[in-house]
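>>> coords below, sequence missing:
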């Protein structure tokens with residue numbers, strides 16, 4: 001309808017059109033009422049008229065509202081299709097909602113809790129939810145799109161002006177709903193490149209074993225804490241005696257550098273006893289540099305050693321949306337003073353007193369429904385998707401906040 005206009009302008013036109021027609025109709029109805037009050041006053045018409053019907057009037061009040069409704073639909077449809085017609089050159093950003101934060105993942109593979117984009121560069125948002133229904137609402141760009149668990153949807157916008165613009169959740173999603181906010185930072189192309197390079201350097205600056213394993217989705221099947229999943233655990237795997245099946249025969253081998261390399265590049269050659277040969281080869285997927293780093297880290301770095309910023313993990317995971325760091329009680333208990341404190345929790349329907357130690361913190365992050373702190377609702381989702389390194393960093397962060 002208006003091909004030269006962007007989605008924001010088309011949405012505005014739809015609003016102005018509907019509001020304008022509504023005002024005209026309101027004025028028309030009020031004036032008609034006043035006219036009838038004057039003309040058909042009982043003093044002027046002591047004998048009420050018996051009107052049998054008026055074909056013209058009945059036709060007009062049927063046809064005109066129908067045409068008005070159709071015109072409103074067409075203008076609204078034009079604005080809707082504009083929000084769904086993302087340019088092919090748009091920057092693709094994956095948006096994940098969770099109670100109660102937003103997570104933006106860039107094509108380069110890193111994530112942030114606030115969105116940074118380059119002015120004049122169209123942005124396509126691929127939106128979903130991790131837990132319950134949320135709604136991505138960016139009023140500056142007239143965007144309101146539901147984020148539904150298990151469903152992917154999208155919208156787009158053109159950041160034509162520099163500035164910082166608010167993002168809200170427009171669907172009630174629990175007690176932390178009002179704090180589920182973020183920002184869209186529209187910056188120059190130079191500032192945007194600086195942001196990308198900074199994030200990439202942060203991502204690559206401290207390469208640890210958990211980071212590499214997570215990069216190649218190894219931790220989907222292999223745990224880092226001794227838990228047996230689809231595949232054998234990788235905890236303390238280096239130089240460990242392993243029983244494998246090779247060519248149909250059982251044998252014991254040492255998990256040295258050669259064994260680890262072979263298990264990554266040709267996993268079906270030696271299959272750990274008790275597990276199925278379902279792992280695919282990473283020969284064409286992993287770079288030689290990453291492979292060397294992974295094997296070196298297996299040999300020299302303990303899984304529990306963490307170089308990740310725990311505060312960043314807390315921010316990216318949405319922890320600070322429910323837990324304060326200054327002692328304020330919000331949706332959940334405050335992190336301040338939590339470590340080594342005494343807490344009354346509900347476990348299996350019974351009240352017990354516990355000391356908040358490191359193991360309790362780990363369990364509360366991965367299995368929050370086991371021990372519920374008295375006075376709080378059991379609404380925290382499980383964060384068992386965190387890598388061992390991220391979990392270590394988050395626990396250490398909470399411990400340090402507790403010391404302040």
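That came in fine, so what should we check first? Because the structure is predicted, anything quoted here is derived from the model rather than measured.
>>> go ahead and confirm residue 238 touches residue 298.
Yes. The pair residue 238 and residue 298 passes the contact test of C-beta atoms under 8 Å, sitting 4.7 Å apart. C-betas here are computed from N, CA, C, even on glycine.
>>> of those two, which one has the most company?
Using other C-beta atoms under 10 Å, the more surrounded residue of residue 238 and residue 298 is residue 298, with 21 against 18.
>>> so who does residue 367 touch?
382, 384 (C-beta atoms under 8 Å, 6 or more residues apart in numbering).
>>> now it: phi and psi?
Main-chain torsions, residue 367, degrees, to the nearest 10: phi -130, psi 70.
>>> can you check residue 59 too?
phi -70, psi -40.
>>> now do it, the pLDDT please.
Residue 59 is assigned a predicted lDDT (pLDDT) of 91.
>>> what number of residues lie near it?
Residue 59 - counted by other C-beta under 10 Å - has 10 other residues nearby.
>>> so how far is residue 187 from the nearest residue to residue 168 once chain neighbours are set aside?
Nearest-residue entry for residue 168: residue 137, 4.6 Å, with adjacent residues in sequence omitted and distances by C-beta to C-beta, 6 or more residues apart in numbering. For residue 137, the distance to residue 187 equals 22 Å [C-beta to C-beta, to the nearest Å].
>>> with residue 377 instead?
Distance of residue 377 to residue 187, computed by C-beta to C-beta: 39 Å.
>>> between those two, which is the more surrounded one?
A direct count of neighbours by other C-beta under 10 Å for residue 377 and residue 187 places residue 187 higher, at 18 against 11.
>>> and the more buried one, what pLDDT?
Per-residue pLDDT puts residue 187 at 92.
>>> tell me the bridge partners for it.
residue 118 (DSSP bridges).
>>> residues in contact with it?
116, 117, 118, 119, 162, 195.
>>> what's the mean pLDDT across stretch 299-316?
Averaging pLDDT along stretch 299-316 yields 65.
>>> what distance separates the start and the end of that stretch?
For stretch 299-316, the first and last residues are 30 Å from each other (C-alpha to C-alpha, to the nearest Å).
>>> doesn't residue 82 belong to a helix?
Yes. Under DSSP: H, G, I helix; E, B strand; the rest coil, residue 82 falls within a helix.
>>> roughly how far does it sit from residue 141?
Per C-beta to C-beta, residue 82 is found 11 Å from residue 141.
>>> could you pull out the residues contacting both of these two?
With C-beta under 8 Å, 6+ apart, residue 82 and residue 141 have common neighbours residue 7.
>>> tell me where the stretch 301-404 of the chain has helices.
310-316, 358-366, 388-403 (DSSP state H, counting those that start in this stretch).
>>> what's the answer for the stretch 1-150 of the chain, then?
7-39, 55-84.
>>> can you tell which of those is closest to residue 316?
Nearest of those to residue 316, taken as C-beta to C-beta: helix 55-84 at 27.7 Å.
>>> so which elements touch the closest one?
On a contact count with 3 or more C-beta pairs under 8 Å, 6 or more residues apart in numbering; DSSP states H and E, helix 55-84 meets helix 7-39, strand 153-157.
>>> can you list the strands that the helix or strand that the shortest one is followed by pairs with?
It refers to strand 153-157. Remark: after strand 153-157, the chain's next helix or strand is strand 163-169, criterion DSSP states H and E. Applying DSSP bridges to the sheet, strand 163-169 is found paired with strand 134-138 (antiparallel), strand 182-187 (antiparallel).
>>> for residue 246, find the nearest of the ones you listed.
strand 134-138 (50.1 Å).
>>> what does the pLDDT read for residue 204?
Looking at residue 204, its pLDDT stands at 56.
>>> and the residue nearest the centre of the chain, what does it touch?
In the chain, the C-alpha nearest the mean C-alpha coordinate belongs to residue 96, at 1.9 Å (C-alpha atoms, centre = their mean). Each residue near residue 96 by C-beta under 8 Å, 6+ apart is listed here: 102, 103, 105, 128, 129, 130, 147.
>>> name the nearest residue to it, ignoring sequence neighbours.
Residue 96 sits nearest to residue 103 (C-beta to C-beta, 6+ apart), 4.5 Å away.
>>> just checking, the one you found touches residue 313?
No. If you go by C-beta under 8 Å, residue 103 and residue 313 don't touch, sitting 11.9 Å apart.
>>> so for those two, which sits in the more crowded spot?
Taking neighbours as other C-beta under 10 Å, residue 103 and residue 313 compare with residue 313 leading, 23 against 18.
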